[in-house]
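Enquirer: quick one: sequence plus predicted model below, questions after.
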Amino acid sequence: MRTLTLLSWILLIPTAALAQAVIAGTVRDSSGGVLPGVGVETASPALIEKSRTAVTDGTGQYRIENLRPGAYSVTFTRPGFSTFVREGVELTGSFTATINAELKIGHSC
């Protein structure tokens, strides 16, 4: 029985280490059209590298995986559009936070 318990713990440890969160969503313009090519940056003191980036695909979607639990800010930028920032995104466990953004035509601030 002890061997079975020990084996169970050994198998669960890698699973817990892989329980990482995700930030994903869709970026649109103010008319509702999808926006490909938007830079998306997640930043947090929880990350060793302090930030991770992605670019929206042809359907305006992005996904940033393997994020450690903690508080994040998400910044969306594209030339010709105002920058959009979402602060205080709390990630825990293997949670997927859906953060959608709407960018307005204008200059970055």
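Expert: Good, I have the coordinates. Residues are numbered from 1 along each chain as shown.
Enquirer: rest of the way, CA atoms for contacts and neighbours
Expert: Will do.
Enquirer: and residue 84, what does it touch?
Expert: 75, 76, 77, 101, 102, 103 (C-alpha atoms under 8 Å, 6 or more residues apart in numbering).
Enquirer: so how far is residue 69 from it?
Expert: 23 Å (C-alpha to C-alpha, to the nearest Å).
Enquirer: residue 81 contacts residue 104, correct?
Expert: Yes - using C-alpha atoms under 8 Å, residue 81 makes contact with residue 104 at a distance of 5.5 Å.
Enquirer: by neighbours, which of the contacts of residue 84 wins?
Expert: residue 76 (24 neighbours; other C-alpha atoms under 10 Å).
Enquirer: show me what the helix or strand in which it is found packs onto, helices and strands only.
Expert: Using DSSP states H and E, residue 76 sits within strand 70-77. The contact analysis (3 or more C-alpha pairs under 8 Å, 6 or more residues apart in numbering; DSSP states H and E) places strand 70-77 against strand 39-43, strand 84-91.
Enquirer: how about the helices in the chain?
Expert: Ranges of helices in the chain, per DSSP state H, are 2-18.
Enquirer: can you tell me the centre-most residue of this protein?
Expert: With distances taken as C-alpha atoms, centre = their mean, residue 23 lies nearest the centre of the chain, 2.5 Å away.
Enquirer: what bridges to that residue?
Expert: residue 64, residue 97 (DSSP bridges).
Enquirer: from what I can see residue 56 touches residue 41, true?
Expert: No - between residue 56 and residue 41 there is no contact under C-alpha under 8 Å: 11.0 Å.
Enquirer: and those two? which has more neighbours close in?
Expert: residue 56 (21 against 18).
Enquirer: contact partners for the more buried one?
Expert: Residue 56 neighbours (C-alpha under 8 Å, 6+ apart): 26, 27, 35, 36, 37, 38, 39, 40, 62.
Enquirer: run a quick neighbour tally on the fourth one.
Expert: Right, residue 36. 18.
Enquirer: tell me how far it lies from residue 101.
Expert: 12 Å.
Enquirer: can you list residues touching both of those two?
Expert: By C-alpha under 8 Å, 6+ apart, the residues touching both residue 36 and residue 101 are residue 27.
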